[in-house]
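Enquirer: below are the sequence and a predicted model; questions follow.
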Amino acid sequence: MKIDLCFSPFELDELALRDKNVIVIDVLRSSTTIAVALSNGAREIIPVESIENAVKISGSLFGDVTLRVGERNGKMIQGFNLGNSPLEYTEATVKGKSIIFCTTNGSVAMYRSRFAKNLAIGSFVNMSRIVDFMKEVGSDFVILCAGRANTFSNFSLEDAVCAGMMVQKLSQDKTLHLQLTDSALAAQALYKTYGRSIPKMLKSTEHGIYLREIGFAEDLKVCASIDTVPVLPLLVGNVIKLRKDETRSTESASASTTTLSA
Ligand code: MLT
């Protein structure tokens, strides 16, 4: 089982992921928000590349069951229903809704991975669920970090450390006979350096510092909380949903009105 890793989707040819098994990671905050939204009963998430596409698609879907959500520079896009704070995606707000999802990096990475054979959305909050899925599939995977636009490197430390944690957990299962590329080994080394305190690491990253500056400090606590939202968001076609068995368990879970505490 070979694990490869891409630190940024910006140079990636969409067709390079055709028929591959892919995990997309955007810790701050798209992957976390998607896990929370689906766990709280959202019907589906449709990642789009641009605000124009978000408006075009949501315009053709029925009004009261569709939400237009997303951010630019971390703040809610004007005229949209929600931003990209996981704390906004409560059961009362999202249950049963189709969510058109438009963010700076996360939704772009997800959209560009749409030709994948299997595509799951990973974060710290659903870490073990993702690792179990990778073991269940049992063949080669590409882990795609959403990264950060408007920096020379497009490198996101939090996404790389999250990917490294997945690699570390997989490498502890000797039955997998893992083959790691240099980028996967690098991410694993970053996890071994920063993984002792995920909350502390998030606070030290470029995007973590920025989110705290614009008033989203509580989001970092949610995004750092390992295995608190154990769901498996899968992209099928252009839509992200939970697997059938997950939906049943989520319905029972959301029936207990579980809400995230920051
Ligand atoms: C992204 O997609 O770039 C991030 O999720 C942005 C954010 O939520 O701050």
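Expert: Right, received. Where do you want to start?
Enquirer: show the pLDDT at the residue positioned nearest the centre of the chain.
Expert: Nearest residue to the geometric centre of the chain (CA atoms, centre = their mean): S31, 1.8 Å. On pLDDT, S31 comes in at 98.
Enquirer: for G59, same thing?
Expert: For G59, pLDDT reads 77.
Enquirer: if you count contacts, what does the helix or strand it falls within end up packed against?
Expert: Using DSSP states H and E, G59 sits in helix 51-60. Packing partners of helix 51-60 (3 or more CB pairs under 8 Å, 6 or more residues apart in numbering; DSSP states H and E): strand 66-72, strand 98-102. Where C-beta positions appear, they are placed from N, C-alpha and C, glycine not excepted.
Enquirer: CSV for the ones you listed, including distance to D159?
Expert: Putting those into CSV (distance: least, CB to CB, whole Å) gives the following:
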stretch, distance to D159
strand 66-72, 16
strand 98-102, 17
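Enquirer: return the most buried member of those strands.
Expert: strand 98-102 (a mean of 25; mean count of other CB atoms under 10 Å).
Enquirer: who wins for proximity to the ligand among the helices and strands packed on helix 51-60?
Expert: The ligand sits nearest to strand 66-72 of all these, at 4.9 Å, using CB to the nearest ligand atom.
Enquirer: relative to strand 66-72, how tilted is the helix holding G59?
Expert: 170 degrees (axes from the mean of the first three to the mean of the last three CA atoms, to 10 degrees).
Enquirer: got a list of contacts for helix 51-60?
Expert: The contact list for helix 51-60, computed with CB atoms under 8 Å, 6 or more residues apart in numbering, reads I46, V48, T66, L67, R68, G70, R72, I77, F80, I100, F101, C102.
Enquirer: state the pair within the residues you listed that is farthest apart.
Expert: The span of those, defined through CB to CB, is set by T66 and R72 at 19.9 Å.
Enquirer: so what's F80 up against?
Expert: A54, R68, V69, G70, C102.
Enquirer: repeat that with 10 Å
Expert: If you count contacts by CB atoms under 10 Å, 6 or more residues apart in numbering, F80 has them with I51, A54, V55, S58, L67, R68, V69, G70, E71, R72, I100, C102.
Enquirer: distance of L176 from I226?
Expert: 21 Å (CB to CB, to the nearest Å).
Enquirer: ah, wrong one, I meant A163
Expert: 14 Å.
Enquirer: comparing those two, which residue is more hemmed in?
Expert: Set A163 next to I226 and count neighbours by other CB atoms under 10 Å: A163 wins out with 29 against 15.
Enquirer: so that one sits in a strand?
Expert: No. Assigned with DSSP: H, G, I helix; E, B strand; the rest coil, A163 falls outside any strand and is helix.
Enquirer: and it, what's its pLDDT?
Expert: 98.
Enquirer: same thing with N154?
Expert: Per-residue confidence (pLDDT) for N154: 89.
Enquirer: looking at it, it is touching A146, isn't it?
Expert: Yes. Contact status for N154 versus A146: in contact at 9.3 Å, counting by CB atoms under 10 Å.
Enquirer: what do the two both touch?
Expert: F7, S8, P9, F10, N105.
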